[in-house]
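Student: Could you look at this predicted model? Sequence included:
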Amino acid sequence: MTIKPLIILPDPILRQVSKPIETVDSEVKALADDMLETMYDAPGIGLAAIQIGVARRMLVLDVSKEGEDKKPLVFINPEVVSASDARSVYEEGCLSIPDYYAEVERPAAITVKHLDRDGKEQLTEADGLLATCLQHEIDHLNGVLFIDHISKLKREMVIRKFTKAAKLRGSKAL
């Protein structure tokens, strides 16, 4: 298992739409292991493959509470097949947009069709934090960031801040 570097805003890779995974093989399982290791190291509760520069439709999650045993989940080719009319608001953050948080409103409950780590088709019903996290990470697979769900003014401020920081990092590397 290897900890991978995270892709940070404003990198255009984050806006790519990820491609489906055709076969769950040892390479895909190794990617899942690397993603989990990277997510735990960050630390975070969710990570999409595109956040480590891999444009494949896979995400990993672990919404277990501190002090509980880890409960890693792997979702391959996840697709929301139903969403509740009820809404919930969570303060979201993102490993690709470090140290920025904003309240985002999403469906309170969803059902996701996906393949598990063994390539078996699953249907997962989720609510609360798990539903929010799944929607956040599935958005990544579609080139959508959580800041796309906030006001245009706030989003533009965040993008400017991270663009400026990236330019400063780039000039220090010269």
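Tutor: Perfect, thanks for sending it. The shown structure was predicted, so the numbers you read here are calculated from the model rather than taken from an experiment.

Student: where along this structure do the helices fall?
Tutor: 26-41, 128-141, 152-173 (DSSP state H).

Student: Can you give me the end-to-end span of stretch 3-15?
Tutor: One end of stretch 3-15 to the other measures 22 Å (C-alpha to C-alpha, to the nearest Å).

Student: on that earlier part again, need the winner for burial among the helices of the chain.
Tutor: Ranked by mean neighbour count, those are led by helix 128-141 with a mean of 22 (mean count of other C-beta atoms under 10 Å). C-beta: built from backbone N, CA, C; applies to glycine.

Student: What is that one packed up against?
Tutor: Helix 128-141 sits against strand 46-48, strand 58-61, strand 73-83, strand 87-94, strand 97-107, strand 109-115, with contacts defined as 3 or more C-beta pairs under 8 Å, 6 or more residues apart in numbering; DSSP states H and E.

Student: Throw those into CSV and include mean pLDDT, thanks.
Tutor: Listed next are the helices and strands packed on helix 128-141 as CSV, based on pLDDT from 0 to 100:
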stretch, mean pLDDT
strand 46-48, 98
strand 58-61, 98
strand 73-83, 98
strand 87-94, 97
strand 97-107, 97
strand 109-115, 98
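
Student: Tell me which of those lies nearest to Met1.
Tutor: Of all the helices and strands packed on helix 128-141, strand 58-61 sits nearest to Met1, with 12.0 Å by C-beta to C-beta.

Student: Excluding covalently adjacent residues, which one is nearest to Glu125?
Tutor: Excluding its sequence neighbours, the residue lying closest to Glu125 (C-beta to C-beta, 6 or more residues apart in numbering) is Thr111, at 5.1 Å.

Student: Now do the contacts for that neighbour.
Tutor: Applying C-beta atoms under 8 Å, 6 or more residues apart in numbering, we find Thr111 in contact with Val80, Val81, Ser82, Ala83, Leu123, Thr124, Glu125, Ala126.

Student: Done for today, thanks.
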